[in-house]
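J.: I would like to see how this sequence folds:
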Amino acid sequence: MYAISLGDDGAELRPLEPWQAQEFLAHVDRGREFIGQHNGLPDVITDLASSRAFLQTYAEKAAADTGRLCGIWWDGTLVGAVCLRTMDVGQGNAEAGCWLEPAGVGKGLVTRAVRALIDWAVKERGIHRVEWWVSAENEPSKAVARRLGMTKDGVLRESFLYRGKRHDEEIWSVLAPQWRAAGRAS
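T.: Predicted coordinates for the structure are as follows:
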């Protein structure tokens with residue numbers, strides 16, 4: 001098992017694997033309402049079996065080199081996650097994502113964790129473009145994109161049907177040369 005320190009406040013980034021399904025379910029349960037404001041994860045993770053299946057999907061993506069899922073632990077408790085929802089090494093494209101339960105909010109955890117994930121994707125896997133798809137109503141997530149130096153590429157109007165309502169999605173991105181030039185890649 002490895003862990004990447006996200007600073008001196010006890011925050012760590014670690015892989016999330018199927019054997020951690022109970023801990024993952026407890027995390028989703030703690031943040032179910034908060035996470036579900038903009039993210040469908042709580043609708044998918046409803047019990048131990050669905051928790052394990054979700055983590056297994058990402059284990060298979062990691063094995064196929066098409067995605068990654070890492071948990072964010074703060075003071076030993078799983079409080080969120082970041083992922084490369086999709087990753088196409090041949091094309092050099094990936095889509096990053098995240099979520100937090102309320103206990104993790106306001107500590108800069110997502111920004112630090114996504115920064116580490118993008119560093120890895122650019123440096124180790126040769127990813128050229130990392131996208132960030134976000135509901136136009138999700139101001140905290142858009143703020144993360146800005147802090148990471150991403151550029152807003154555009155808006156897909158009413159492209160995402162979520163809980164019976166159509167939402168606009170914004171697409172933000174950062175390119176590897178920009179990431180390196182800003183001194184973000186390690």
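
J.: And the contacts of the helix or strand of the chain with the lowest mean pLDDT?
T.: Ranking every helix and strand in the chain by mean pLDDT, DSSP states H and E puts strand 4-5 at the bottom, with a mean of 88. The contact list for strand 4-5, computed with CB atoms under 8 Å, 6 or more residues apart in numbering, reads A11, E12, L13, R14, A116. Heads up, the C-betas are built off the backbone N, CA and C, glycines and all.

J.: one more time with 7 Å, if that's ok
T.: Contacts to strand 4-5, defined as CB atoms under 7 Å, 6 or more residues apart in numbering, come from residues E12, L13, A116.

J.: Pull up the pairing partners for whichever helix or strand comes after that strand, direction included.
T.: Remark: after strand 4-5, the chain's next helix or strand is strand 11-15, criterion DSSP states H and E. Strand partners for strand 11-15, identified by DSSP bridges, are recorded as strand 4-5 (antiparallel), strand 68-74 (antiparallel).

J.: mind listing the helices for the chain?
T.: For the chain, helices defined by DSSP state H occupy the ranges 21-35, 41-44, 48-64, 109-125, 139-147, 176-181.

J.: out of those helices, deepest packed?
T.: Ranked by mean neighbour count, the helices of the chain are led by helix 109-125 with a mean of 20 (mean count of other CB atoms under 10 Å).

J.: on that earlier part again, got the helices of the chain as TSV, with mean pLDDT columns?
T.: Compiled in TSV, the helices of the chain are given as follows (pLDDT from 0 to 100):
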stretch	mean pLDDT
helix 21-35	96
helix 41-44	94
helix 48-64	97
helix 109-125	95
helix 139-147	95
helix 176-181	94
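
J.: For these, please prepare CSV with the additional fields distance to V82.
T.: Compiled in CSV, the helices of the chain are given as follows (distance: least, CB to CB, whole Å):
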stretch, distance to V82
helix 21-35, 13
helix 41-44, 13
helix 48-64, 11
helix 109-125, 4
helix 139-147, 10
helix 176-181, 16
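
J.: Among these, which comes closest to C70?
T.: C70 lies closest, by CB to CB, to one member of these: helix 109-125, at 6.6 Å.

J.: For that closest one, which outside residues touch it?
T.: Outside helix 109-125, the residues that reach it (CB under 7 Å, 6+ apart) are 4, 6-7, 11, 13, 70, 72, 74, 79-80, 82, 84, 89, 94, 96, 98, 100, 127, 130, 144, 147-148, 174, 176, 179, 184-186.

J.: hmm, back to that, right, and the strands paired with strand 11-15 - which one's nearest V155?
T.: strand 68-74 (26.9 Å).
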